[in-house]
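Visitor: here is a sequence with its predicted model. Questions after.
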Amino acid sequence: MKIQKLIFSVVVVCFVLTGCKKEVKKESLAVNKQNVSLAISGMTCEIGCAKTIQSKLSKKEGVLGAKVIFTDSIANIEFDANTTSKEDLIAFVNGIAGGDLYTASETSKKVSNKTSKTHTCTEDCKEKCDTKNGKKECKEDCKMDCCADKTEKKTK
């Protein structure tokens, strides 16, 4: 009797193990890499704002890479167009921190490094900026957050 129970148990375990080995093959589309540059207003610091946005974007489904450059208020994002879209990414950034802090919009400007001398001014700041040789630079009397660190360096 014990042998019959043992054989029956082994047979049941074999059926369970072979039945559980079904692998569901997921259809995968080829990655459709696209890039978008977003101008982000509302960032006040590099560590808190820019790094938070970059971290959240990097974790978003469909994002292959994200780089947020605080000094230029630009986010360069590489994404899979099969999974997400530019509009979805803009809405995602706008929704970070409850949707009250950041505003993103598509821009054609791409910045590749953190030490860029160019500066993207916000709408309120544009009248306080000079354009020299095609680059926007803050005037010394500009008190806007986006220019604060740049005007301090000039006066020292």
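Guide: Received the coordinates, thanks.

Visitor: drop to CA atoms for contacts and neighbour counts, all remaining ones
Guide: Fine.

Visitor: what pairs with residue 76 across the strands?
Guide: residue 37, residue 67 (DSSP bridges).

Visitor: residue 13: what's it in contact with?
Guide: Residue 13 makes no contacts at all, as judged by CA atoms under 8 Å, 6 or more residues apart in numbering.

Visitor: wasn't it part of a helix?
Guide: Yes. Judged by DSSP: H, G, I helix; E, B strand; the rest coil, residue 13 forms part of a helix.

Visitor: any idea how far residue 95 is from it?
Guide: Note on residue 13: its distance to residue 95, by CA to CA, to the nearest Å, is 50 Å.

Visitor: ok, now residue 46?
Guide: 19 Å.

Visitor: likewise for residue 5?
Guide: In terms of CA to CA, residue 5 sits 60 Å off from residue 95.

Visitor: do the same with residue 67
Guide: 18 Å.

Visitor: of those two, which one has the most company?
Guide: residue 67 (22 against 15; other CA atoms under 10 Å).

Visitor: pLDDT score for that one?
Guide: Here the pLDDT value assigned to residue 67 is 94.

Visitor: tell me the contacts of it?
Guide: 54, 75-77.

Visitor: most neighbours among those, please name it.
Guide: That'd be residue 75 among the contacts of residue 67, by other CA under 10 Å, with 28 neighbours.

Visitor: that residue reaches residue 38, doesn't it?
Guide: Yes. Using CA atoms under 8 Å, residue 75 makes contact with residue 38 at a distance of 5.1 Å.

Visitor: quick one on the thing from earlier: what is the nearest of the contacts of residue 67 to residue 33?
Guide: Comparing those against residue 33 with CA to CA places residue 77 closest, at 10.2 Å.

Visitor: if I look at the closest one, how far off is residue 14?
Guide: Counting by CA to CA - residue 77 and residue 14 are separated by 49 Å.
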